[in-house]
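Novice: Here you go, sequence then predicted model.
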Amino acid sequence: MTSTYEGRRIDQPHLVLVEGEDDVSFFQELIAFLQLPGFQVWDTKGKYGFRADLSAVAKDPHFHILDSLGIARDNDDDPAGTERSIRGALADAGLSLPSGPLASSPGTPTIVYTTLPRPGITGEIEDLCLEAVADSPELTCVHAYFACLSQQGVPSPHDLSKAKVQTFLASKADLTSRPGQAARKGYWSWSSPAFDQLARFARLLADPSAQGNPGDK
């Protein structure tokens, strides 16, 4: 029997739920770098669709295939609220609860969740990307650009991190504006310590006893 969940079928032992299509590309590239087999990454259509999609996954007729289920979401401006949302959705779906972020729940499938840029820290995936390229000459120019705008009395963008990532990516010959697309083009260095937490997250899903840094394969 084939699952009808949004036309997708669970057919691998490890599933990661993320907020959007671009996040799918981002996590797929990280997992490929880490050489971790048996993963699927699914888009939950943003934080507002997350609870319903998680419930649908838990009811999927192929849910029993899973050894692990991962959840990764942006904290935005409410880290505590994001974690409450994740834990509430897990409870509503009847799934086991980890003790906290980057911890493995008991039972099968193992549940692991994380929030970005890091648990308890305001921000989003773009903040990790900026951290990963902090020493690049392009980012020096990006900071100077926004400093110039401020000096000219131009209001800051509502989401400054996204704006800085887009400006950084505008410096590339093969233009793109999204972190996941940029990951596909090799613009982020996965060996950067900025991505250590996400590497740990992926490794915990592949093996609950996993440890190490993203450069370790």
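Specialist: Received it, and whenever you're ready, just let me know what you need.
Novice: Y113 belongs to a strand?
Specialist: Yes. Secondary structure assignment places Y113 in a strand (DSSP: H, G, I helix; E, B strand; the rest coil).
Novice: And the contacts of the lowest-mean-pLDDT helix or strand in the chain?
Specialist: Lowest by mean pLDDT, DSSP states H and E among the helices and strands of the chain is helix 50-58, with a mean of 92. The contact list for helix 50-58 (C-beta atoms under 8 Å, 6 or more residues apart in numbering) reads 5-6, 10, 15, 17, 19, 42, 44-45, 63, 69, 71, 73, 85-86, 88-90, 92-95. C-betas here are computed from N, CA, C, even on glycine.
Novice: Mind doing that once more with 10 Å?
Specialist: 3-6, 8, 10, 15, 17-19, 42-46, 49, 63, 66, 69, 71, 73, 82, 85-86, 88-90, 92-95, 109 (C-beta atoms under 10 Å, 6 or more residues apart in numbering).
Novice: Would you mind measuring from I121 to Q197?
Specialist: 10 Å (C-beta to C-beta, to the nearest Å).
Novice: between those two, which one's more packed in?
Specialist: More crowded of I121 and Q197, by other C-beta atoms under 10 Å: Q197, with 19 against 11.
Novice: so what's the more buried one up against?
Specialist: Contacts for Q197 (C-beta under 10 Å, 6+ apart) come out as P101, L102, T114, T115, L116, P117, R118, P119, L128, P214.
Novice: send the alpha carbons of the strand or helix carrying it over as PDB?
Specialist: Using DSSP states H and E, Q197 sits in helix 196-206. What follows is helix 196-206, C-alpha atoms only, in PDB (Å, rounded to 0.1, in the frame of the first residue of the first chain):
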ATOM      1  CA  ASP A 196      28.700  21.700  13.800                       C
ATOM      2  CA  GLN A 197      25.200  21.600  15.500                       C
ATOM      3  CA  LEU A 198      23.400  20.600  12.300                       C
ATOM      4  CA  ALA A 199      26.000  17.900  11.700                       C
ATOM      5  CA  ARG A 200      25.400  16.500  15.200                       C
ATOM      6  CA  PHE A 201      21.700  16.600  14.500                       C
ATOM      7  CA  ALA A 202      22.000  14.600  11.300                       C
ATOM      8  CA  ARG A 203      24.400  12.100  12.900                       C
ATOM      9  CA  LEU A 204      22.100  11.600  15.900                       C
ATOM     10  CA  LEU A 205      19.300  10.600  13.500                       C
ATOM     11  CA  ALA A 206      21.600   8.200  11.700                       C
END
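Novice: Report the buried residues of that helix.
Specialist: Q197, L198, A199, R200, F201, A202, R203, L204, L205, A206 (16 or more other C-beta atoms under 10 Å).
Novice: what's the closest of those residues to D174?
Specialist: Of all the buried residues of helix 196-206, L198 has the smallest distance to D174: 23.7 Å, by C-beta to C-beta.
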